[in-house]
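[1] the sequence isn't on hand, but the structure is:
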Ligand SMILES: CC(C)(COP(=O)(O)OP(=O)(O)OC[C@H]1O[C@@H](n2cnc3c(N)ncnc32)[C@H](O)[C@@H]1OP(=O)(O)O)[C@@H](O)C(=O)NCCC(=O)NCCS
């Protein structure tokens, strides 16, 4: 039986040193430890451990977020990160126990929603009450807009820090501090583009990064559901071409049509990094049908 509690500073160091083999910040374990201890991302989390007399057996970080839903309703949510069991302790149920302990801890403080990205088979988290949310990954070749396209595309610097909720019913509402973290995590120059279709009076935007020819879509308010994939493809491929990228990659918060027998080239359901959500309200949660169908936006949003 482990003792579960908030990590003391020396336990946090032990946990951070342990994950070097799987999530290295540097090849040298000593440099890794210093970097992880000082990373903006890790310092946002509260850390929890389960320990035996041998030391820290299992650990995880827990990140505070605000989830918004329809009608401006907000909920406090906690996101699990870096769930890790020391190899000597695996297969004893430790990770599951730690997750249950942490959920109970926050539930007592009124938090009812929990999220995570699963890098392993999501059935592990499903057994703990989490639901998979739709997400797909795309890979497009760059392609200029057709000569008769109603869209224009223009690079813009107009970044406003206020996260709003443009075009999405559900998503994470991130504070300015969170936005700094999101930028620091990218560690790349970011690029913002505005798209306009004057014929239909429509306007969308993308935020992307470019790394050695690879265009990565970070966030956008272009409709992300499979029915709109042609528009999504047209604008993202044109944005990539304009940025002189060789390939455009990114995720969408929607299931691929291909997974439902439809046609949607170059988009596939994700095999890893699957967003999962658990609500203490269970399947009776009024948000359940829509969140599990459409997912929610996990990047900060911007307004012009
Ligand atoms: C995943 C992990 C945290 C599980 O820790 P644990 O304390 O052994 O977990 P539990 O004892 O509660 O559950 C064990 C179950 O985990 C599941 N599991 C472990 N690794 C898994 C993987 N790569 N994919 C899917 N399921 C996995 C298995 O279903 C296993 O059940 P089994 O023992 O019947 O085979 C641990 O294997 C680990 O630290 N892995 C490396 C870090 C990692 O990948 N973390 C997850 C990030 S999302």
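    Sure thing, it's come through. Given the structure is predicted, the values throughout are model-derived calculations rather than measurements.
[2] helices or strands up against the helix or strand encompassing residue 17?
    Taking DSSP states H and E as the definition, one finds residue 17 inside helix 9-18. On a contact count with 3 or more C-beta pairs under 8 Å, 6 or more residues apart in numbering; DSSP states H and E, helix 9-18 meets helix 29-38, strand 46-52, strand 55-68. Where C-beta positions appear, they are placed from N, C-alpha and C, glycine not excepted.
[3] looking at the ones you listed, which one is packed in the most?
    Across those, averaging neighbours per residue (mean count of other C-beta atoms under 10 Å) puts strand 55-68 on top, at a mean of 22.
[4] buried stuff in the helix or strand that comes right after that one?
    Once strand 55-68 ends, the next helix or strand along the chain (criterion: DSSP H and E) is strand 74-85. For strand 74-85, burial by neighbour count (16 or more other C-beta atoms under 10 Å) applies to 75, 77-85.
[5] and the helices and strands packed on helix 9-18: which comes nearest the ligand?
    The ligand lies closest to strand 55-68 among these, at 5.6 Å (C-beta to the nearest ligand atom).
[6] now find how far off-centre that closest one is within its chain.
    14 Å (C-alpha atoms, centre = their mean, to the nearest Å).
[7] what pairs with it, parallel or antiparallel?
    Strand 55-68 has the following strand partners under DSSP bridges: strand 46-52 (antiparallel), strand 74-85 (antiparallel), strand 171-173 (antiparallel).
[8] turn those strands into TSV, including mean pLDDT.
    Output for the strands paired with strand 55-68, formatted as TSV (pLDDT from 0 to 100):
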stretch	mean pLDDT
strand 46-52	98
strand 74-85	95
strand 171-173	78
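[9] make CSV out of these and add distance to residue 281.
    Putting the strands paired with strand 55-68 into CSV (distance: least, C-beta to C-beta, whole Å) gives the following:
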stretch, distance to residue 281
strand 46-52, 23
strand 74-85, 10
strand 171-173, 19
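[10] just tell me which of the ones you listed ends up closest to residue 239.
    The closest of the strands paired with strand 55-68 to residue 239 is strand 171-173. By C-beta to C-beta, the value is 21.2 Å.
[11] name the residues of that closest one that are buried.
    Within strand 171-173, the residues that count as buried by 16+ other C-beta under 10 Å are 171-173.
[12] and the helix holding residue 17, does that touch the ligand?
    No. Helix 9-18 does not reach the ligand (C-beta under 6 Å from any ligand atom); its nearest approach is 9.1 Å.
[13] per-residue confidence averaged over that helix?
    If you average the pLDDT over helix 9-18, you get 98.
[14] so how far is that helix from its chain's centroid?
    With C-alpha atoms, centre = their mean as the basis, the mean position of helix 9-18 lies at 25 Å from the chain mean.
[15] noted, bye for now.
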